[in-house]
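1. What shape does this take:
(one chain, ligands or ions: 2)
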Amino acid sequence: MASDTYDVVVIGGGPAGENAAAYAIAGSNRTAVIVEHELVGGECSYWACMPSKALLRPIHVLSGARAIAGVGELLAAGGVNLEAVLARRDSFTHKRDDSSQVQWAENTGIDVVRGHGRLTGEKTVEVSGVAGTTTLTARHAVVLATGTTANVPNTPGLREALPWTSRDATNMTEVPKRVAIIGGGVVACEAATWLLAFGADEVTMIVRGSALLATSEAFASERVADGLTGGRGRIIFHADLKSVDRPDAQDTGIGTIHGGPATLDLGDEQIVVDEIIVAAGRTPASADMGLASVGLDDGRYVETDDHLTATGDWLYAVGDINGRAPLTHMGKYQARVCGDVIAARAEGRAIDGPRYAATADHGLVPQVVFTEPEVASVGRTEREAKKDGFDVETVEVDIAVAGSSLARDDFAGHAKLVIDRSADTLLGATFVGPDVGEQIHAATIAVVGKVPLETLWHAVPSYPTVSEFWLRLLEKRRG
Ligand SMILES: Cc1cc2nc3c(=O)[nH]c(=O)nc-3n(C[C@H](O)[C@H](O)[C@H](O)COP(=O)(O)OP(=O)(O)OC[C@H]3O[C@@H](n4cnc5c(N)ncnc54)[C@H](O)[C@@H]3O)c2cc1C
Ligand SMILES: NC(=O)c1ccc[n+]([C@@H]2O[C@H](COP(=O)([O-])OP(=O)(O)OC[C@H]3O[C@@H](n4cnc5c(N)ncnc54)[C@H](O)[C@@H]3O)[C@@H](O)[C@H]2O)c1
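-> Ligands and ions are numbered 1, 2, ... in the order given. Model prediction:
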């Protein structure tokens with residue numbers, strides 16, 4: 001069996017693993033290796049963020065253009081040019097060729113070993129690949145960055161029906177006419193948005209609870225639901241999917257319709273669809289990673305402290321696998337902190353100080369959901385802030401300023417700030433409306449920097465931009 005020693009061994013070459021490796025060796029002569037059993041670049045690059053946002057952006061651009069007199073009437077009545085949109089999507093995913101990311105790793109001084117990585121004890125990782133088995137030993141650190149996989153519930157007949165997961169939905173090559181989406185979270189809402197825009201005849205969302213995007217502010221959930229329903233979109237709340245029957249299920253490959261129609265039994269109703277998309281959350285990719293060999297539980301999220309340390313001073317977990325904040329930007333943030341911690345420990349430096357702790361994971365997380373309308377949020381919702389015991393005050397306005405009416409003739413949006421009354425600082429913000437994703441970083445800075453609202457009064461938004469709604473919020477709070 002071949003063996004090799006590196007300073008840092010990273011299992012999983014997604015955005016978190018790549019950044020942890022790069023930061024851990026930056027500016028030093030330390031060595032690092034990434035073990036990857038699929039594609040370097042991970043879920044985000046080929047199956048998740050990149051293809052989904054490449055599908056959604058043309059929809060936002062088209063609806064924005066249609067909403068401006070003098071431009072809208074020049075556009076054809078149909079939707080997007082689907083073939084061109086899918087080709088552009090494929091250009092972002094490089095048709096699942098990871099050679100440019102491998103090249104990046106090599107240029108950064110990181111080796112890539114292909115195969116499935118598994119811990120076999122302290123600082124040792126066994127890699128099983130097509131070329132056989134290799135043992136990698138780490139001098140300083142092993143980083144787990146294996147992410148998650150789609151959760152497919154064990155509803156009778158569902159797995160046998162070979163439903164699409166998010167991987168098929170983002171990489172689809174044909175649009176199913178009748179679709180059922182199981183779930184009401186971010187993946188479900190974004191996928192419903194592009195399916196409806198790309199000409200699906202019926203999109204039915206099957207949601208267990210009473211709201212889409214259930215952890216968001218209620219007005220955001222409602223506006224997204226309003227955007228998806230009417231016409232060809234339908235949401236069944238409080239749904240209880242009892243069974244699925246698809247006699248002619250076929251594994252036709254990623255993104256193509258997997259056989260004949262499927263019947264979904266919801267108890268009081270049966271629906272027949274051409275494809276099912278399961279968007280029911282994620283499962284940590286830790287079942288076959290040898291966690292028990294170092295005293296941790298297999299198949300669970302790998303808990304860490306704020307230094308991203310899972311156990312001892314050598315095992316770390318970054319990105320989705322630690323369950324802290326399952327978003328690419330947060331995984332990369334954790335990876336930067338983790339890399340800095342590994343470097344400091346390797347050089348015998350202290351790891352005190354803000355640089356070495358992923359504090360933003362706690363109540364400071366930003367997210368943009370690219371639906372129509374978009375939802376952008378940071379920090380705590382009102383519900384979370386109250387649960388955490390803050391003295392909560394809120395202020396809300398519709399986004400209706402000169403900048404928004406110039407942005408598009410039909411601009412409709414809403415903004416809410418969650419305020420810590422006693423400290424006079426922001427705990428969170430949620431904005432809904434076209435392109436509000438570009439507005440959220442201002443709120444992130446205010447929340448993370450604990451900028452007093454009194455000070456924000458002097459952060460003057462430029463006229464006439466959409467950001468003037470900040471002034472309306474502050475004016476409303478003044479009374
Ligand atoms: C449809 C969809 C859309 C999304 N859109 C966004 C978005 O717009 N913005 C956003 O911030 N987040 C988005 N996310 C979430 C985002 O994809 C994840 O947060 C991100 O990919 C996590 O990065 P990661 O590096 O932790 O894990 P991953 O990207 O999952 O990478 C893990 C890597 O580890 C490899 N691996 C796993 N186990 C092993 C093993 N034992 N040995 C070797 N290799 C292994 C995998 O093959 C994979 O390459 C989306 C998710 C989905 C499903
Ligand atoms: N724009 C973005 O930032 C973006 C886009 C897509 C995904 N993501 C991230 O990817 C992750 C996964 O997204 P997701 O939408 O799959 O998860 P989610 O947790 O957001 O939503 C899961 C949904 O599935 C439902 N569900 C769970 N188990 C079920 C079951 N057994 N039967 C029926 N319904 C069930 C839940 O009630 C919920 O509605 C999230 O962390 C999300 O933040 C982010």
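2. Going by C-alpha atoms from here, please, whenever you check contacts or count neighbours.
-> Will do.
3. Could you list the low-pLDDT ranges of this structure?
-> Applying pLDDT under 70 to the chain flags the ranges 1.
4. Let's check: the centremost residue of it is which one?
-> Leu327 (4.1 Å; CA atoms, centre = their mean).
5. isn't it right up against Val318?
-> No: the criterion here is CA atoms under 8 Å, and Leu327 misses it with Val318 at 11.1 Å.
6. got the contact list for Asp4?
-> 134-137 (CA atoms under 8 Å, 6 or more residues apart in numbering).
7. can we see that at 10 Å?
-> Residues in contact with Asp4 (CA atoms under 10 Å, 6 or more residues apart in numbering) are 33, 134-138.
8. among the residues you listed, which are in strands?
-> The strands, defined by DSSP state E, take in 33, 134-138 from those.
9. Now that we have those residues, which of them are buried?
-> 33, 134-138 (16 or more other CA atoms under 10 Å).
10. between the residues you listed, which is closest to ligand 2?
-> Nearest to ligand 2 among those: Val33, at 26.5 Å, using CA to the nearest ligand atom.
11. Find the nearest non-adjacent residue to that closest one, please.
-> Spatial nearest neighbour of Val33, excluding adjacent residues (CA to CA, 6 or more residues apart in numbering): Asp111 at 4.5 Å.
12. Next SSE downstream of the one helix or strand the one you found maps to?
-> Assessed by DSSP states H and E, Asp111 sits inside strand 110-114. Per DSSP H and E, the first helix or strand lying C-terminal to strand 110-114 is strand 116-121.
13. partners of that next one, with directions?
-> If you go by DSSP bridges, strand 116-121 pairs up with strand 124-129 (antiparallel).
14. do the partner strand and ligand 1 meet at all?
-> No: using CA under 6 Å from any ligand atom, strand 124-129 stays clear of ligand 1, with a minimum separation of 7.5 Å.
15. Now distance to ligand 2 too, for the ones in strands among the contacts of Asp4, in JSON lines please.
-> Output for the ones in strands among the contacts of Asp4, formatted as JSON lines (distance: CA to the nearest ligand atom, whole Å):
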{"residue": "Val33", "distance to ligand 2": "26"}
{"residue": "Thr134", "distance to ligand 2": "32"}
{"residue": "Thr135", "distance to ligand 2": "32"}
{"residue": "Leu136", "distance to ligand 2": "31"}
{"residue": "Thr137", "distance to ligand 2": "32"}
{"residue": "Ala138", "distance to ligand 2": "30"}
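16. For stretch 386-406, buried residues please.
-> 390, 392-401, 403-405.
17. Which members of those residues are the farthest-apart pair?
-> Using CA to CA, the pair of these lying farthest apart is Phe390 and Ser405, separated by 35.5 Å.
18. and which of the contacts of Asp4 is nearest ligand 1?
-> Closest to ligand 1, out of all of the contacts of Asp4 and judged by CA to the nearest ligand atom, is Val33, at 11.4 Å.
19. Bridged to the closest one, which residues?
-> With DSSP bridges applied, Val33 shows beta-bridge pairing to Val9, Asp111.
20. Next, find the distance separating it from Gly17.
-> 10 Å (CA to CA, to the nearest Å).
21. who touches both of these two?
-> 9-11.
22. neighbours around Asn29, how many?
-> 9 (other CA atoms under 10 Å).
23. Please read the previous query as pertaining to Leu86.
-> Neighbours around Leu86, by other CA under 10 Å: 19.
24. Also Ile110?
-> By other CA under 10 Å, neighbour count at Ile110 equals 23.
25. Name all residues that make contact with it.
-> Contacts of Ile110 by CA under 10 Å, 6+ apart are 6, 8-9, 18, 21-22, 25, 30-34, 102-104.
26. and if we set it to 8 Å?
-> 21-22, 31-34.
27. ditto for Arg477
-> Contacts for Arg477 (CA under 8 Å, 6+ apart) come out as Val395.
28. which SS state does it fall under?
-> Here Arg477 is recorded as helix under DSSP: H, G, I helix; E, B strand; the rest coil.
29. Okay, buried residues for the helix or strand Met50 falls within please.
-> Met50 belongs to helix 49-66 when assigned by DSSP H and E. Residues of helix 49-66 classed as buried by neighbour count (16+ other CA under 10 Å): 50-56, 58-60, 63-66.
30. What's the separation between the nearest residue to Arg472 once chain neighbours are set aside and ligand 1?
-> Excluding the flanking residues, the one nearest Arg472 by CA to CA, 6+ apart is Val397, at 7.1 Å. According to CA to the nearest ligand atom, to the nearest Å, Val397 and ligand 1 sit 26 Å apart.
31. hang on, Val397 is in a helix, isn't it?
-> No: membership of Val397 in a helix is not supported by three-state DSSP, which gives strand.
32. That one against Leu417, yeah?
-> No: checked against CA under 8 Å, the pair Val397 and Leu417 is beyond contact range at 9.2 Å.
33. Could you name every residue contacting both of those two?
-> Leu473.
34. Could you report the distance from the closest residue to Val378 other than its chain neighbours to ligand 1?
-> Distance criterion CA to CA, 6+ apart; nearest residue to Val378, sequence neighbours excluded, is Pro366 at 4.0 Å. Noted for Pro366: a distance of 9 Å to ligand 1, by CA to the nearest ligand atom.
35. So which bits of the stretch 351-479 of the chain are right by ligand 2?
-> 367-370.
36. returning to what we had before: quick one: which of the shared contacts of Val33 and Gly17 is nearest Asp424?
-> Val10 (42.4 Å).
37. can you tell me the helix or strand for Arg35?
-> Small correction: residue 35 is Val, not Arg. Residue-wise, Val35 maps onto strand 32-36 under DSSP H and E.
38. could I get that strand in PDB with only the CA atoms?
-> Output of strand 32-36 as PDB, limited to C-alpha atoms (Å, rounded to 0.1, in the frame of the first residue of the first chain):
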ATOM      1  CA  ALA A  32      -1.300  20.100   1.600                       C
ATOM      2  CA  VAL A  33      -3.400  17.500  -0.200                       C
ATOM      3  CA  ILE A  34      -7.100  17.400  -1.100                       C
ATOM      4  CA  VAL A  35      -8.700  14.000  -1.300                       C
ATOM      5  CA  GLU A  36     -11.700  14.100  -3.600                       C
END
